[in-house]
Every structure is written in structure tokens, then in C-alpha cells.
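Novice: Sharing a model that was predicted from the sequence below.
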Protein chains: 2
Amino acid sequence: MFLAKIYVTLKPAVNDPQGITVRGGLHNLGFTGVTEVRVGKYMEVRLDTTDEADAIRQADEMSRKLLSNPVIEDYRFDLTPA
Amino acid sequence: MFLAKIYVTLKPAVNDPQGITVRGGLHNLGFTGVTEVRVGKYMEVRLDTTDEADAIRQADEMSRKLLSNPVIEDYRFDLTPA
């Protein structure tokens, strides 16, 4: 068993209205030193395989095909035995 | 300047319908070895301070007050100079 921790973030050039809204909320709460917020997704996927190379291949493929939108998002992941 | 990378996850006991839906989608795509998916949030917050202790305090406080719902979610963060 492997646990894939997958991080999906907007590409740097893509506008992030959700992040701008969160930054506004933080300013309103008094965190005036916050200059930028970017909001992404974090997913933990448990894979029933004992082959690490297979787990890497699967995590990469599912990130590309379903978990991220490659047009506007980047993804990265790390894998731990679980 | 510090960059806080903040991870917000549902507490283990909390049901995650979004994760169940993603797992179904992965199964339909042929990733039948996926046993569990948990969906969380990932945020990058840029802080205009040079004091690391202050940055830690701010990141912790904003995570608790705005970025997570402490009733159903856990958070963790790491901090890098940026």
C-alpha cells in the first residue's frame, strides 16, 4: 500500500479570485502583512499496490487525467509506504 | 518575506463525500487499486515579515481563525523564507 499526497496548484500566470478573496478576509482580520494568497487542492490517495514504480505511474496518470486541469493547473505528488 | 504552505484536511472521523466521488471517478478510469481518497485544501500565503517567530504565530492564527474549520478540519503548515 502506498499513500500518494497530491498537490494541485494554479499555474503562476493564472488569476486566482478565490485567493484574492481569502487575502481580503485575512486583511479584515488584521493580518495586514499578507501580500498574496494562492488557493489549491490537496488530496490523499491510498493505492493498493506493492510496486513503487507502479504507484508513481498511477499517481502521475490520475493527476493528469482527473485530479488536475493541465491547462490551468500544475500538480506534484509524493509517495509514502502506508 | 516568508511563504507559508498551509494544508487543511478533514479530521479522520469526518465523512468525505467529495473524496468518495473522486474515488468513483478514478475507478471508472481504470484505477481500481484506489482504496481511499480524502480531499483537502492547500494554500500558499506570502507574509511580509522578517521575523520567523512572528510568521509562525500569524500562520497558526490565520489557519485557526479563517482558513480551517477547527470543528471538522485539521491544519498544518510549513514556512520557507521567500
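Specialist: Nice, I can see it.
Novice: Near chain B, which residues of chain A are found?
Specialist: Proximity of chain A to chain B is assessed by CB under 8 Å from any CB of the partner chain, with A:1, A:7-9, A:19, A:22, A:25-26, A:29, A:31, A:33-49, A:58, A:61-62, A:65-67 identified as the residues in range. Backbone N, C-alpha and C define where each C-beta goes, glycine included.
Novice: for chain A, which strand is longest?
Specialist: Determined from DSSP state E, the single longest strand within chain A is strand A:34-47.
Novice: got a list of contacts for the very next helix or strand once past that strand?
Specialist: Scanning forward in sequence from strand A:34-47, with DSSP states H and E defining helices and strands, the next element found is helix A:52-62. Residues from elsewhere that reach helix A:52-62, judged by CB atoms under 8 Å, 6 or more residues apart in numbering or on different chains: A:2, A:4, A:6, A:45, A:47, A:49, A:77, A:79, B:26, B:29, B:31, B:33-34.
Novice: For the residue lying farthest from the centre of chain A, what is the enclosing helix or strand?
Specialist: Distance from the centre of chain A peaks at A:G30, with 27.2 Å (CA atoms, centre = their mean). For A:G30, there is no enclosing helix or strand under DSSP H and E.
Novice: circling back to that earlier point, give me the helices and strands touching the longest strand of chain A, please.
Specialist: Secondary-structure packing of strand A:34-47 (3 or more CB pairs under 8 Å, 6 or more residues apart in numbering or on different chains; DSSP states H and E): strand A:2-10, helix A:17-28, helix A:52-62, strand B:2-10, helix B:17-28, strand B:34-47.
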